[in-house]
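Peer 1: One predicted model, sequence on top.
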Amino acid sequence: MAMKLENGFHTETNQKVENGFRTETNPKVTTTIAASHSPTVKPLANGIAAADKLRSQSRSNNHNNGAVTIPTPTTTPSTLGHYLARRLVQIGISDIFSVPGDSNLVMFDYFVAEKGLNLVGCCNELNAGYAADGYARRRGVGACAVTFTVGSLSLINAIAGAYSEDLPVICIVGGPNSNDYGSKKILHHTIGLPDFGQELRCFQNVTCYQAIIDNLEDAQWKIDTAISKCLEEGKPIYISICCNLVAIPHPSFSAQPLIPLSLSPKQSNQMALEAAVEKAAQLLNTAIKPVMIGGKKLRPTKSQEPFIELANACGYPVAVTPSAKGMFPENHPHFIGIYWGTVSSAFCGETVEIADASIFVGATLDELETVAFTLTYKKNKAIMVEADRVVFPNGPSFGPILMKDFLWALAKRLKPNSTAYENYRRIYIAESGPLESGPGEALRVNILFKHIQKMLSSNMVVISEAGDSWFHCQRLKLPKSCGYEVQLLYASIGWSLGATLGYAQAAPEERVVLCIGDGSFQMTPQDVSTMITLKQNNIIFLINNGGYTIEVEIHDGPYNVIKNWDYTAIVKAMHNHDGYCWTTKVHTEEELMNAIEIVLEERKDYLCFIEVIVHRDDTSRELLEFGSKFAAVSSRPPRPL
């Protein structure tokens with residue numbers, strides 16, 4: 001292919017297309033062109049790296065009128081499949097979690113061929129979605145690809161969970177042949193009706209944008225719009241691509257330069273911002289014992305850094321809600337723990353609820369975050385900072401105001417006041433820790449987490465599964481830079497295993513520690529085999545207590561008992577003498593300590609699976625309190641008619 005350089009871009013003078021890819025017809029031409037690379041997006045913990053990177057590029061290219069210039073790709077895309085693959089790489093995705101089906105196989109060929117893109121085959125669609133969720137938590141955006149209806153409807157539960165967590169996940173579906181739309185034919189993988197739009201209608205409820213690509217004329221526009229919406233809104237999107245279009249060349253996929261992705265920069269209303277800061281400063285600066293509470297919206301709004309700056313400036317005690325654990329450094333001098341109502345960290349709940357003023361930043365006070373809506377903080381003294389507005393107690397709300405803009409501005413206006421923190425220090429009594437185990441005594445869960453606490457380091461991340469692991473993991477004191485992930489609002493049992501797969505793939509330099517119960521593990525165990533294939537060195541603590549313990553404490557019955565598996569044998573079968581995997585089963589503290597020593601030293605590069613045998617009724621104090629509250633809420637009589 002003879003090429004020349006005009007205005008910094010490649011132009012082509014002699015080319016042909018074979019099998020959807022461009023090939024050179026004059027190999028003797030040796031025009032030297034500077035190497036082109038897609039932008040490197042450094043993974044950021046709890047941050048939307050890709051959107052931030054693109055917006056920063058936008059600001060540095062004023063001649064684009066705010067548009068993002070995408071560097072020239074290493075290979076000129078000429079087909080829909082190639083174009084989509086390049087776009088994914090350019091926004092920072094290097095792994096797609098997938099399950100093959102007859103309508104996505106050709107598309108997968110392009111994903112496999114794309115430099116910088118790794119197609120990860122998962123055992124089922126649900127885990128592929130969970131993996132994309134975990135990947136997006138660490139990398140800032142994730143992607144999964146499945147087949148039409150039978151695959152996507154299996155995936156949809158994971159996408160709903162990602163929506164609840166404000167995670168940008170690109171859901172790609174290999175759709176039917178474009179000729180079948182409107183043909184009144186009944187296709188396989190459908191419910192037997194000629195209208196096969198059920199899939200789209202389902203995804204409309206759990207994604208912020210949907211695109212059906214059934215022709216090539218507007219395919220590029222639809223792909224770019226969908227990806228832009230995903231990054232702008234921080235929510236999942238749905239793209240269905242007709243299987244017969246993927247390999248067909250089209251001029252729109254070969255434009256030089258590529259059409260820029262358009263990310264609309266969000267801005268605060270300056271008058272509203274100034275008024276909100278003035279009112280908040282007046283309320284907080286006149287309080288005696290004000291406090292700060294951070295919530296999970298700190299991540300999608302990119303407000304973690306300004307939240308820390310505000311904490312440094314004001315000197316208030318700082319708590320976080322359970323979904324925001326890990327989003328504020330727990331080694332910060334004024335961190336007081338998790339505010340979770342009656343199951344809060346020691347003396348944290350009391351400090352928040354006696355405060356004469358509070359500022360909740362990014363908190364989503366749903367049923368689980370509030371222990372069935374039982375929080376007793378002074379609502380008439382609480383400022384609620386939401387993603388795009390500030391709400392004052394018994395008064396007005398101001399917006400649109402970006403959360404991070406408000407925090408930066410407020411930090412400059414607050415007077416230092418450490419009164420509430422000093423009072424917390426006076427009343428605080430450190431927990432004594434669990435009772436010592438006797439020689440050969442059966443292992444207790446609190447002893448397990450005592451040793452998990454000891455093993456944590458700055459290059460680890462803890463992922464907590466729904467159930468009693470929630471409460472034990474919330475009590476862990478995270479070392480500096482140690483991450484933490486939980487899905488509390490959607491609370492899909494089994495989420496954490498797929499999320500561990502995705503998170504570990506997004507951050508190979510970190511070691512993921514998964515705490516999961518046996519009931520949850522039985523939901524999604526298959527993709528431990530994918531972890532082994534990918535040579536991940538995750539540490540999985542499988543807590544085997546013979547059932548659904550959290551349900552037992554809410555309402556017990558025979559349905560909460562599950563068939564006991566030989567879990568270590570199952571993982572060994574997945575290993576099948578191929579890869580790096582180490583398993584063990586522990587019954588005592590001595591066995592646990594030996595296992596952890598092996599995990600951290602001689603098996604530090606292995607996937608390590610530790611099955612922990614504990615008593616069925618061995619639970620945390622917090623779970624007992626939590627269960628009683630939810631049992632009372634669930635048994636409320638109906639309202640009289």
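Peer 2: Everything's here; your move. This one's a predicted model, so the numbers in the text were calculated from it and none came from an experiment. Numbers count the residues shown, from 1 in each chain.

Peer 1: now Y238, which residues is it bridged with?
Peer 2: Y238 has these beta-bridge partners by DSSP bridges: C171, Q210.

Peer 1: Roughly how far does it sit from Q505?
Peer 2: According to Cβ to Cβ, to the nearest Å, Y238 and Q505 sit 22 Å apart. Where you see a C-beta, it was placed from the backbone N, CA and C, and this is true even at glycine.

Peer 1: the more surrounded of those two?
Peer 2: More neighbours surround Y238 than the other of Y238 and Q505, with 27 against 24 (other Cβ atoms under 10 Å).

Peer 1: I would like the residues contacting stretch 265-279, please.
Peer 2: 55, 58, 66, 232, 388, 390, 392, 395, 398-402, 405-406, 409-410, 413 (Cβ atoms under 8 Å, 6 or more residues apart in numbering).

Peer 1: Let's see that stretch as CSV, backbone CA atoms only.
Peer 2: Listed next in CSV are the C-alpha coordinates belonging to stretch 265-279 (Å, rounded to 0.1, in the frame of the first residue of the first chain):
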residue,chain,number,x,y,z
PRO,A,265,-18.3,18.3,29.5
LYS,A,266,-20.6,18.7,32.5
GLN,A,267,-20.3,22.1,34.3
SER,A,268,-21.7,23.5,37.5
ASN,A,269,-24.0,26.5,37.5
GLN,A,270,-21.6,29.1,39.1
MET,A,271,-24.3,31.1,40.8
ALA,A,272,-25.9,28.0,42.3
LEU,A,273,-22.4,26.8,43.3
GLU,A,274,-21.5,30.0,45.1
ALA,A,275,-24.9,30.1,46.9
ALA,A,276,-24.7,26.5,48.0
VAL,A,277,-21.1,26.9,49.3
GLU,A,278,-22.1,30.1,51.2
LYS,A,279,-25.1,28.4,52.8
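
Peer 1: tally of neighbours for G579?
Peer 2: Counted with other Cβ under 10 Å, the neighbours of G579 add up to 16.

Peer 1: how much space between the residue lying closest to it once chain neighbours are set aside and A158?
Peer 2: The shortest distance from G579 to any non-neighbouring residue, by Cβ to Cβ, 6 or more residues apart in numbering, is to I532 (4.2 Å). For I532, the distance to A158 equals 21 Å [Cβ to Cβ].

Peer 1: which of those two has more neighbours?
Peer 2: Neighbours per residue (other Cβ under 10 Å) separate I532 from A158, with A158 holding more: 31 against 21.

Peer 1: Contact partners for that one?
Peer 2: E125, L126, N127, A128, G129, Y130, A132, D133, C144, S492, W495, G498.

Peer 1: Confirm that the last one sits in a helix.
Peer 2: Yes: per DSSP: H, G, I helix; E, B strand; the rest coil, G498 lies within a helix segment.

Peer 1: Let me see the backbone angles for the residue nearest the centre of the chain.
Peer 2: For the chain, the residue nearest the mean C-alpha position is R137 (3.1 Å; Cα atoms, centre = their mean). Backbone geometry at R137, expressed as degrees, to the nearest 10, gives phi -60, psi -40.

Peer 1: if I pick W470, what's in contact with it?
Peer 2: By Cβ under 8 Å, 6+ apart, the neighbours of W470 are P322, S464, V486, L488, I550, L623.

Peer 1: err, H575, not the other one
Peer 2: H575 neighbours (Cβ under 8 Å, 6+ apart): S529, I532, C581, T583.

Peer 1: can I get these in CSV with pLDDT and secondary structure?
Peer 2: Output for the contacts of H575, formatted as CSV (pLDDT from 0 to 100; DSSP: H, G, I helix; E, B strand; the rest coil):
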residue, pLDDT, secondary structure
S529, 98, helix
I532, 98, helix
C581, 98, strand
T583, 98, strand
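
Peer 1: Just the terminal-to-terminal distance for stretch 249-261.
Peer 2: For stretch 249-261, the first and last residues are 21 Å from each other (Cα to Cα, to the nearest Å).

Peer 1: How about stretch 429-447?
Peer 2: End residues of stretch 429-447 are separated by 20 Å (Cα to Cα).

Peer 1: for stretch 397-406, same thing?
Peer 2: Stretch 397-406: ends 13 Å apart by Cα to Cα.

Peer 1: Repeat that for stretch 210-225.
Peer 2: Across stretch 210-225, first to last residue, Cα to Cα, it's 10 Å.

Peer 1: same thing with stretch 441-448?
Peer 2: 13 Å.

Peer 1: and if you look at stretch 429-439?
Peer 2: 29 Å.

Peer 1: quick one: contacts of that stretch?
Peer 2: So stretch 429-439 is in contact with A346, F347, L443, R444, N446, I447, K450, T588, E589, E590, going by Cβ under 8 Å, 6+ apart.

Peer 1: Minimum pLDDT in those, which residue is that?
Peer 2: Least confident entry in the contacts of stretch 429-439, by pLDDT: A346, with 92.

Peer 1: Just give the nearest non-adjacent residue to it, would you?
Peer 2: Per Cβ to Cβ, 6+ apart, closest to A346 is E431, 5.9 Å.

Peer 1: Extract the residue ranges of this protein that are flagged as low pLDDT.
Peer 2: The chain contains residues with pLDDT under 70 at 1-77, 255-259, 549-555.

Peer 1: before we move on, the earlier item: which ones among the contacts of A158 map onto strands?
Peer 2: Those of the contacts of A158 mapping onto strands are C144, per DSSP state E.

Peer 1: Check the contacts of A158 against P637 and report the nearest one.
Peer 2: S492 (29.3 Å; Cβ to Cβ).

Peer 1: okay, now the nearest residue to that closest one once chain neighbours are set aside: neighbour count?
Peer 2: Excluding its sequence neighbours, the residue lying closest to S492 (Cβ to Cβ, 6+ apart) is G161, at 5.1 Å. If you count neighbours by other Cβ under 10 Å, G161 ends up with 24.

Peer 1: And for L80?
Peer 2: As a burial measure, L80 scores 26 neighbours (other Cβ under 10 Å).

Peer 1: C144 versus that one, what's the distance?
Peer 2: When L80 is compared with C144 (using Cβ to Cβ), they lie 18 Å apart.

Peer 1: Please apply the same query to S103.
Peer 2: Taking Cβ to Cβ, one finds S103 at 15 Å from C144.

Peer 1: next one: N394
Peer 2: 45 Å.

Peer 1: Compare neighbour counts for the two and give me the winner.
Peer 2: Per other Cβ under 10 Å, whichever of N394 and C144 has more neighbours is C144, with 34 against 7.

Peer 1: List the contacts of E114.
Peer 2: By Cβ under 8 Å, 6+ apart, the residues touching E114 are H82, A85, R86, L88, V89.

Peer 1: ok, so of those, who is nearest W565?
Peer 2: L88 (37.1 Å).

Peer 1: quick one: which helix or strand includes that closest one?
Peer 2: L88 is part of helix 80-90, with elements assigned from DSSP states H and E.

Peer 1: May I see the buried residues of stretch 435-446?
Peer 2: S437, L443, R444, V445, N446 (16 or more other Cβ atoms under 10 Å).

Peer 1: For the residues you listed, give me JSON lines that also has distance to Y110 and secondary structure.
Peer 2: Output for the buried residues of stretch 435-446, formatted as JSON lines (distance: Cβ to Cβ, whole Å; DSSP: H, G, I helix; E, B strand; the rest coil):
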{"residue": "S437", "distance to Y110": "56", "secondary structure": "coil"}
{"residue": "L443", "distance to Y110": "50", "secondary structure": "coil"}
{"residue": "R444", "distance to Y110": "52", "secondary structure": "coil"}
{"residue": "V445", "distance to Y110": "48", "secondary structure": "helix"}
{"residue": "N446", "distance to Y110": "51", "secondary structure": "helix"}
